[in-house]
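Colleague: pasting the sequence and the predicted coordinates here, then a few questions.
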Amino acid sequence: MPQPIQNYAMIGDCHTAALVGRDGSIDWLCFPRFDSGACFAGLLGGPEHGRWLLAPSAEVTGVRRRYRQGTLILETEFDTAEGAIRVIDFMSFSGERQDVIRIVEGLSGRVMVRMELIVRFDYGSIVPWVRRANQVLLLTAGPDTLELAATVAVASENMKSGATFCLGAGDRHSFALNYRHSHEQILPAVDVAAALALTETAWRDWSDRCTYQGRWREPVMRSLITLKALTYKPTGGIVAAPTTSLPEHLGGIRNWDYRYCWLRDATFTLNSLLLAGYNDEAVAWHEWLLRAVAGSPEDLQILYGVTGVRRLDEYEIPWLPGYGGAAPVRVGNAASRQFQLDVYGEVMDTLHLARNAGLQAEPAAWDFLLLLLKFLELHWEHPDEGIWEVRGPRRHFTHSKVMAWVAFDRAIRDAEASGLAAPVERWRRIRDKIHAQVCDKGFDASSNSFVQAYDLPHLDASLLLIPQVGFLPPDDPRVRGTIEAIERNLMVGGLVLRYSTETEVDGLPAGEGAFLPCSFWLADSYVLTGRRHDAEALFERLLALSNDVGLLAEEYDPRAKRMLGNFPQALTHMALVNTARLLSLPVQQVKDASARGERPATALQTADAKPR
């Protein structure tokens, strides 16, 4: 098996990101964007598919890692029998160029260090043409060129480049790998020391803007930095993860491309940014959302590319064996063509939150939202693929209907609060009809629980969101019954599964890990129902699952004690921020927000909202 997913750390420049292993190898990097082809794809294969190693030549006896406070600058210290070294990894935060910079320092003794660079463009399939110009190593294939500048001699042989050198205490060498389009002129060598200083200052200035000062500031700050790093700066879009095809079941086929922007995450994203005082990023995300969803309502997708592009055709890469043999490796995501009712609710809920926070959209946006609601009015009773993007038959998923209710509920609130022209009375009738139908067909009295779909008795952790979105109050017996049923049937090792994959509802072979965002949602449910002790205990357990640099994947296997799925996962870190905020609120404030039918974690933004 390859090294565990949790052994990786991330560096990035708000255009793309790289994963750095505890062994000093960068095994994943796409240039120039998150969704570009990988030039280091060893994560999904082996070194021969591309990687950049910088580590001691001798056996390593100890490894310590940390991010510099408030930054995405990674420091890894390696101990050997001969001495110790430190490797500093970061991506330039200037915005004017794209550099991966690696600095290696001698800490004690005299240590032999090995550098090995294997570039394979297009997900490990293309060996570049290597040449030199002005002491810079140029690696070119088609539209892409990487330029390596180093303070040690680098030799190329057998389709890879490398160097071996000795470091004494206080010695330092650096390597800077720059990306450019191959038709552009060679760039001047980066000033490594200046780039490090600029990047550290920029990250710390950004981190210092965080307004959250609660009990869990450190993990919240690390989550916010992670979300910032997953932002595509030119557009404001935020990818779900920087990776593709990291498996949700080891050796299985549940392997998806997450380098895109999901509308499912929209409200969680905006809320996380607003709660921490990052209004500029919230505005950028809000504007990205409006641009991405513009067009005919029937063409609304559940996910888009970082630029807002819609065509995300899915295909398989047969030459990559997959992480630990988990094949196929996929690029693109066929879920972009699915029909999901819940995204209409997510869009309306996000824009409602934005409006309450003072992020006003342009006036024409309301006309577009009227069209969305008109489309939803005609289609909310149709089956869909649901929040989990099942690849089985469409069904009447309960969560989807709840979010259709949210869409009309938020539209009614916004129209009344802002005096916007709208068919409010008709919307009320539809909202009430959806509510009655969900309570009738989506609730199983025999189990005292809401169910995954109207025609299925199974449970689904998305039902934990029912009190959070205001569909029913937290003290409703049906809400409490649903929480208790999920505790009995969807928990493994103290963590929450999305649903039982044994039911084959998703059309895929059974097996996946516990879903960490859903586990945070259960903690939220505990808060809302007055079980604060249970909420804090679960939250602390989830925090303890973070790796040594504070990052979390999408899923976790409590038996094997390892992370699963794409990494790091934006939705998990958003859920962490929102749960920390909810736990930091006074009990009465949570109750008041719930009474207004608002997401309680948004209480800061919606404190002045009118009651229903």
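Modeller: Nice, thanks for sending it over.
Colleague: off-centre distance for stretch 512-524?
Modeller: On the basis of Cα atoms, centre = their mean, to the nearest Å, stretch 512-524 is displaced by 14 Å from the centre of the chain it belongs to.
Colleague: please renumber so the chain begins at 31
Modeller: All right, first residue 31 from here; so that's stretch 542-554.
Colleague: show the average pLDDT along it.
Modeller: In this model, stretch 542-554 has an average pLDDT of 96.
Colleague: what comes up buried for the biggest strand by length in the chain?
Modeller: In the chain, taking DSSP state E as the definition, the longest strand is strand 128-148. Residues 128-137, 141, 143, 145-148 are the ones in strand 128-148 that count as buried (16 or more other Cβ atoms under 10 Å). Placement of C-beta: from N, CA and C, glycine included.
Colleague: same check, this time on stretch 52-65
Modeller: Judged by neighbour count (16+ other Cβ under 10 Å), stretch 52-65 contains these buried residues: 52-61, 63-65.
Colleague: same list (those) but as JSON lines, adding pLDDT, secondary structure and distance to residue 375.
Modeller: JSON lines is the format used below for the buried residues of stretch 52-65 (pLDDT from 0 to 100; DSSP: H, G, I helix; E, B strand; the rest coil; distance: Cβ to Cβ, whole Å):
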{"residue": "52", "pLDDT": "98", "secondary structure": "coil", "distance to residue 375": "41"}
{"residue": "53", "pLDDT": "97", "secondary structure": "coil", "distance to residue 375": "44"}
{"residue": "54", "pLDDT": "98", "secondary structure": "coil", "distance to residue 375": "45"}
{"residue": "55", "pLDDT": "98", "secondary structure": "strand", "distance to residue 375": "43"}
{"residue": "56", "pLDDT": "98", "secondary structure": "strand", "distance to residue 375": "39"}
{"residue": "57", "pLDDT": "98", "secondary structure": "strand", "distance to residue 375": "38"}
{"residue": "58", "pLDDT": "98", "secondary structure": "strand", "distance to residue 375": "34"}
{"residue": "59", "pLDDT": "98", "secondary structure": "strand", "distance to residue 375": "36"}
{"residue": "60", "pLDDT": "98", "secondary structure": "strand", "distance to residue 375": "32"}
{"residue": "61", "pLDDT": "96", "secondary structure": "coil", "distance to residue 375": "36"}
{"residue": "63", "pLDDT": "96", "secondary structure": "coil", "distance to residue 375": "29"}
{"residue": "64", "pLDDT": "98", "secondary structure": "coil", "distance to residue 375": "26"}
{"residue": "65", "pLDDT": "97", "secondary structure": "coil", "distance to residue 375": "26"}
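Colleague: hang on, residue 446 in a helix?
Modeller: Yes. According to DSSP: H, G, I helix; E, B strand; the rest coil, the state of residue 446 is that of a helix.
Colleague: chain neighbours aside, what residue packs nearest to it?
Modeller: Beyond its immediate neighbours in the sequence, the residue positioned closest to residue 446 (Cβ to Cβ, 6 or more residues apart in numbering) is residue 454, lying 6.7 Å away.
Colleague: the one you found and residue 148, how far apart?
Modeller: Shown here: residue 454 relative to residue 148, a distance of 62 Å by Cβ to Cβ, to the nearest Å.
Colleague: pretty sure residue 474 contacts residue 486?
Modeller: No. Between residue 474 and residue 486 there is no contact, the gap being 9.6 Å when judged by Cβ atoms under 8 Å.
Colleague: quick check: closest non-adjacent residue to residue 402.
Modeller: In space, residue 402 comes closest to residue 327 once its chain neighbours are excluded; the distance is 4.7 Å by Cβ to Cβ, 6+ apart.
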